[in-house]
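In: Provided below are the primary sequence and the corresponding predicted coordinates.
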Amino acid sequence: MQVIDTNGKILTIGDTGATGPTGGTGATVTGPTGPSVTGPTGPSGTGPTGPTGAGDTGPTGPSGTGPTGPTGTTGATVTGPTGPTGTAGSTVTGPTGPTGTTGAAVTGPTGPASVTWNNVTGTAATAAANNGYISNNGALVTITLPATAAVGQCVAITGNAAGKWKLAQNASQYIQFLSTVTTTGTGGYIAASTRYDCIVVRCIVADNGWVVEYAVGNLDVM
């Protein structure tokens, strides 16, 4: 009979013999400890770094403005009570004064039947009895009394232009103005001091004597 031992050798086993005597106990043999074999350390595997995750910023919250409070109500207008009406004052009528005396009737002189008006645009004119003259020149307008005139006849002058007017006299003539009288003759005159002065003179002495019957303005008497 053949068998293969643990070392791979072929052993021929014969027939079983008689049982021999029991052998003594074999010495215990402990084989040497096999060397510790440590396999090489595998390489450290480094995985790729993952991408940096973007931080999520939350949306900005709305600016919160509280609602406007309601408008206060308008205060009530308070009108105090009307004071009592004062008592009416008594009517006092004074005594009637004495009746004045009746004034004397004064009749003014009668004016001429008609006056013929002349617009003087030059600087000189000789007046005619019962005529009126409008001074209408930027320079001084000289109007000379008529050489002859009947008692009661008149001459009138009304100013208009800025040159004003002058009422001149002939020889032997004069003009009475209230308590003032002009110089007799050609040196005497009455003149306007502003452009709109007026005068009316009336003959009181045939040809030569005249009196101011009406005047407007502060006239110059020479």
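Out: Nice, I can see it. Residues are numbered from 1 along each chain as shown.
In: Which strand residues bridge Ile175?
Out: Trp210 (DSSP bridges).
In: quick one, what contacts it?
Out: Ile175 makes contact with Leu145, Leu167, Gln169, Val181, Thr182, Gly188, Ile190, Val201, Trp210, Val211, Val212, Val221 under the criterion Cβ atoms under 8 Å, 6 or more residues apart in numbering. C-betas here are computed from N, CA, C, even on glycine.
In: out of these, which are buried?
Out: Leu145, Leu167, Gln169, Thr182, Gly188, Ile190, Val201, Trp210, Val211, Val212, Val221 (16 or more other Cβ atoms under 10 Å).
In: Compute the distance between Cys198 and Leu219, please.
Out: According to Cβ to Cβ, to the nearest Å, Cys198 and Leu219 sit 9 Å apart.
In: Is the nearest residue to Val115 once chain neighbours are set aside bridged to anything, and to what?
Out: With Cβ to Cβ, 6 or more residues apart in numbering as the criterion, Val115 has its nearest non-adjacent residue at 4.7 Å, and that residue is Gly132. Gly132 has these beta-bridge partners by DSSP bridges: Trp117, Ala156.
In: thought Gly132 was touching Asn119?
Out: No. Contact between Gly132 and Asn119 fails when scored by Cβ atoms under 8 Å: they sit 10.0 Å apart.
In: And these two? Which one has more around it.
Out: Neighbour count, other Cβ atoms under 10 Å: between Gly132 and Asn119, Gly132 has more, with 17 against 9.
In: Pull the contacting residues for the nearest residue to Thr194 once chain neighbours are set aside.
Out: Among residues not flanking Thr194 along the chain, Gly217 sits closest, at 5.7 Å (Cβ to Cβ, 6+ apart). Taking Cβ under 8 Å, 6+ apart, we find Gly217 in contact with Gly159, Ala192, Ser193, Thr194, Tyr196, Asp197, Cys198.
In: residue boundaries of the strands in this protein?
Out: 2-4, 10-12, 116-120, 124-126, 131-135, 141-144, 154-159, 165-168, 174-177, 180-181, 189-191, 198-205, 209-216, 220-221 (DSSP state E).
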